[in-house]
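Using only what follows, build the 3D model:
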Amino acid sequence: MFAELVRLGRRDEIGGPQFLAELFDRAGTGADLFYHAEQVRNAAIVRRLHRLAVEMTGLTRTAGQPAADLLADFEQKLFDIGATAANRGDGVVSADDAIAEAMARIDERQTAGKPRGVGTGYADLDELLGGLRPGTLTIVAARPSVGKTALAAGLLLNAAAAGTPGLFISLEMGREEIAERLLAMVSNVSLSRISGTDRLNASEANKVCSVKVGGNGGRVWIDDRPGQTAARIASTTRRAVRRHNVGLIVVDYLQLVHAENARDPRHLQVGMVATRLKELARTARVPVVALAQLNREIENRTDGKPKLSDLRDSGQIEQDADSVILLHPQPADPKALVQDVDALLEKNRHGPRGVVPLLYRRANVRFEPRTVEGR
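As a prediction, this is how the structure comes out:
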């Protein structure tokens, strides 16, 4: 550069050799680039926080939304900014690093002899799924009164007994009804006796009073607020994970989650809820089990066997789910105390599909593995 200035006769115009030496000293090295890039990145995050603060200030002054919805929306957007700030890279990792991590997890699982995810308590189902894996969305679907809620509650109780706390988000039933179902499942006293007006006999009372849910630090938490949005569910879940170390989420049920945009067609509303629940599972790093209704087409079939296409309101549910379990009750007397139910694992992103035979004890709203002895 200096030789070129001399050739052009402009050496003295820029301050001569002394100025060029000073300019060289002031120039940053390659290491300085990371510092300046970090400063730009920090400034961008601050700008996003400022814009969010201004936006939320305006909404609190003008919007007619409930405070809980505003809080959930604010927390979601703040979480998104925090996730961006925490991700200092571009999300790309080498295959060698990913394989090394996978091998370490494989070795850990085989040494411990446990499934990769949260155990369901049903050996045949765990063999197919490998447990309910963190970051996955599992759909349990059936027609009304087949036992969706009973199976989901069983998953929570089994996980809690093994030491994994769970959160039951119920948009259909209140906490009292859920508590009565849990008592019936654990105590082996019929739900009709627990929820009825007749006085329990001494044996029944002792069984009910001795009920304990969970063990080894596992507990079941209940959120029975109706009319929740996916954003509010996400907010509740993240707090539960932080405060109570929750490792399993159940949402009962998907079609009752309020849509973000009530003007959208129904299939888009339900599809967006499914997508949000899948995103929640990944960001919170816990398995999410969402219950769903099946449409009435099943009732027009001779065998009554459900299909993936029967998922009510949206095919997006099937697309976002990592696994889909369809409950297929076998013909039985309506007054029968027990009923055979096949759990059809119709989608399994991490393994084979299959059928898990279960026994539904109606009186205790409890599912058990179906064996000859079990009856």
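
alpha carbons only for contacts and neighbour counts from here, please
Fine.

Which residue ranges of the stretch 151-300 of the chain form helices?
175-187, 191-195, 202-209, 230-244, 266-284 (DSSP state H, counting those that start in this stretch).

so the longest one versus helix 230-244, what angle?
Think helix 266-284. 20 degrees (axes from the mean of the first three to the mean of the last three Cα atoms, to 10 degrees).

contact partners of helix 266-284?
For helix 266-284, the surrounding residues in contact (Cα atoms under 8 Å, 6 or more residues apart in numbering) are 134-137, 230-231, 234, 237-238, 241, 254-255, 257, 259-262, 287-288, 313-317, 320-321.

ditto for the fourth one
Taking Cα under 8 Å, 6+ apart as the criterion, the residues outside helix 230-244 that touch it are 68-69, 72-73, 75-76, 165, 167, 169, 246-247, 249, 257-260, 273, 276-277, 280, 284.

Any regions of the stretch 201-350 of the chain where pLDDT drops low?
215-216, 313-314 (pLDDT under 70).

Out of the contacts of helix 266-284, which sit inside strands?
Of the contacts of helix 266-284, the ones assigned to strands by DSSP state E are 137, 288.

PyMOL command for the buried members of the contacts of helix 266-284?
Only the buried entries of the contacts of helix 266-284 go into this PyMOL selection, using 16 or more other Cα atoms under 10 Å:
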select buried, resi 134+135+136+137+230+231+234+237+238+241+254+255+257+259+287+288+313+314+315+316+317+320+321
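
Hmm, V324 is touching H350, no?
No: V324 lies out of contact with H350 (Cα atoms under 8 Å); the separation is 11.7 Å.

out of those two, which sits in the busier spot?
Neighbour totals were compared for V324 and H350, and V324 leads with 28 against 12 (other Cα atoms under 10 Å).

which residues touch that one?
Residues near V324 by Cα under 8 Å, 6+ apart: 138-141, 308, 318, 345-348.

Quick one: closest of the helices of the stretch 151-300 of the chain to D97.
Nearest to D97, of all these, is helix 266-284, at 19.9 Å by Cα to Cα.

tell me which residues of that closest one are tucked away?
Quick answer for helix 266-284 (16+ other Cα under 10 Å): 268-284.

Convert the C-alpha atoms of that helix to CSV, please.
Below are the C-alpha coordinates for helix 266-284, written out as CSV (Å, rounded to 0.1, in the frame of the first residue of the first chain):
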residue,chain,number,x,y,z
ARG,A,266,-61.3,-25.8,12.4
HIS,A,267,-58.8,-28.1,10.8
LEU,A,268,-56.2,-25.3,10.8
GLN,A,269,-56.9,-24.5,14.4
VAL,A,270,-56.5,-28.1,15.6
GLY,A,271,-53.4,-28.6,13.4
MET,A,272,-51.7,-25.5,14.9
VAL,A,273,-52.4,-26.8,18.4
ALA,A,274,-50.7,-30.1,17.5
THR,A,275,-47.8,-28.2,16.1
ARG,A,276,-47.5,-26.1,19.2
LEU,A,277,-47.5,-29.2,21.4
LYS,A,278,-44.8,-30.8,19.4
GLU,A,279,-42.7,-27.6,19.7
LEU,A,280,-43.4,-27.6,23.4
ALA,A,281,-42.1,-31.2,23.8
ARG,A,282,-38.9,-30.3,22.0
THR,A,283,-38.2,-27.0,23.8
ALA,A,284,-39.1,-28.3,27.2
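
rewinding a little: export the helices of the stretch 151-300 of the chain to JSON lines and tack on distance to E101?
Putting the helices of the stretch 151-300 of the chain into JSON lines (distance: least, Cα to Cα, whole Å) gives the following:
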{"stretch": "helix 175-187", "distance to E101": "39"}
{"stretch": "helix 191-195", "distance to E101": "47"}
{"stretch": "helix 202-209", "distance to E101": "46"}
{"stretch": "helix 230-244", "distance to E101": "23"}
{"stretch": "helix 266-284", "distance to E101": "18"}
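
right, so of those, which gets closest to S94?
Closest among these, using Cα to Cα: helix 266-284, at 20.3 Å.

Good, we can wrap up now.
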